[in-house]
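Undergrad: sequence unknown, structure follows:
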């Protein structure tokens with residue numbers, strides 16, 4: 001069981017039996033470590049032990065690119081309603097944050113990553129997230145094996161060839177199942193939405209994912225003057 005070791009604003013992932021070496025000293029993680037424990041380095045500095053939770057995945061999984069940020073993960077999960085026991089097809093694994101979230105919910109996830117080296121990193125990340133039994137990472141192009149896949153309750157895509165998969169969504173999805181496609185570019189999103197409508201999927205909607213942080217000071221409260229946090233576009237459709 002991977003745990004998070006916390007000292008102030010520092011956080012480190014370690015497994016039971018592993019060692020942490022920092023400028024604060026050396027710390028041996030006990031085999032029977034539990035969340036809530038407090039451990040000391042040989043110099044006497046304390047680290048608090050925290051259970052690894054969903055939002056920690058974004059900050060601590062090994063990255064092979066820009067991972068999906070927590071708010072976008074939450075939007076996907078909220079729109080498609082992934083549940084324990086669902087069968088999910090995911091493509092464009094990358095770091096694997098979305099796949100890991102769905103695995104931790106209890107879904108059975110099959111995820112495709114084109115780059116074999118990235119796929120290997122994702123497998124390690126699934127082990128860190130403790131979802132190796134729930135998430136299968138395959139190296140390859142999802143579009144080459146669509147005839148042998150399905151049915152799925154949910155399909156999630158973060159790939160340039162998403163329209164090819166969406167075109168097959170009526171065959172891949174169980175009745176009432178959802179497809180969700182994430183893209184940083186509006187041109188790709190437009191093609192996905194058109195394809196979903198052309199193949200007869202229902203309730204096709206596209207959303208821009210943005211957020212504004214709030215500033216609170218002695219003068220009052222208002223949205224931050226920093227730029228609006230745009231990350232991408234999400235298209236959702238359902239197999240009626």
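TA: It's in. Keep in mind that this is a model prediction, so the values were computed, not measured. Numbering: from 1, shown residues only.
Undergrad: can you tell me the SS state at the residue nearest to the spatial centre of the chain?
TA: For the chain, residue 98 is the residue whose C-alpha lies nearest the centre (C-alpha atoms, centre = their mean; 1.9 Å). Classification of residue 98 using DSSP: H, G, I helix; E, B strand; the rest coil returns helix.
Undergrad: just to check, it is in contact with residue 90?
TA: Yes - using C-beta atoms under 8 Å, residue 98 is in contact with residue 90, at 6.6 Å. In short, each C-beta sits where N, CA and C put it, glycine included.
Undergrad: spit out the residues that contact those two alike.
TA: By C-beta atoms under 8 Å, 6 or more residues apart in numbering, residue 98 and residue 90 have these common neighbours: residue 156.
Undergrad: coming back round to it: just the pLDDT for the residue nearest to the centre of the chain.
TA: Residue 98 carries a pLDDT value of 97.
Undergrad: from residue 115, how far out is it?
TA: 17 Å (C-beta to C-beta, to the nearest Å).
Undergrad: remind me, longest strand of this protein?
TA: strand 173-183 (DSSP state E).
Undergrad: what does that one rub up against?
TA: Counting by C-beta under 8 Å, 6+ apart, 68, 72, 76, 79-81, 150-158, 162, 165-166, 169, 189, 192, 196, 201, 232-240 sit against strand 173-183.
Undergrad: in helices, which of those fall?
TA: 72, 76, 79-80, 162, 165-166, 169, 189, 192, 196 (DSSP state H).
Undergrad: mind checking the SS state of residue 126?
TA: Secondary structure, three-state DSSP: residue 126 is helix.
Undergrad: now it: how far from residue 26?
TA: Using C-beta to C-beta, one obtains 29 Å as the distance from residue 126 to residue 26.
Undergrad: between these two, who's got more neighbours?
TA: residue 126 (24 against 11; other C-beta atoms under 10 Å).
Undergrad: verify the stated contact: that one with residue 119.
TA: No - in this structure, residue 126 is not within contact of residue 119 by C-beta under 8 Å, at 10.5 Å.
Undergrad: domains of this protein?
TA: 3-51, 56-238 (automatic domain parsing).
Undergrad: on that earlier part again, find residues that contact each of residue 126 and residue 119.
TA: Residues touching both residue 126 and residue 119 by C-beta under 8 Å, 6+ apart: residue 137.
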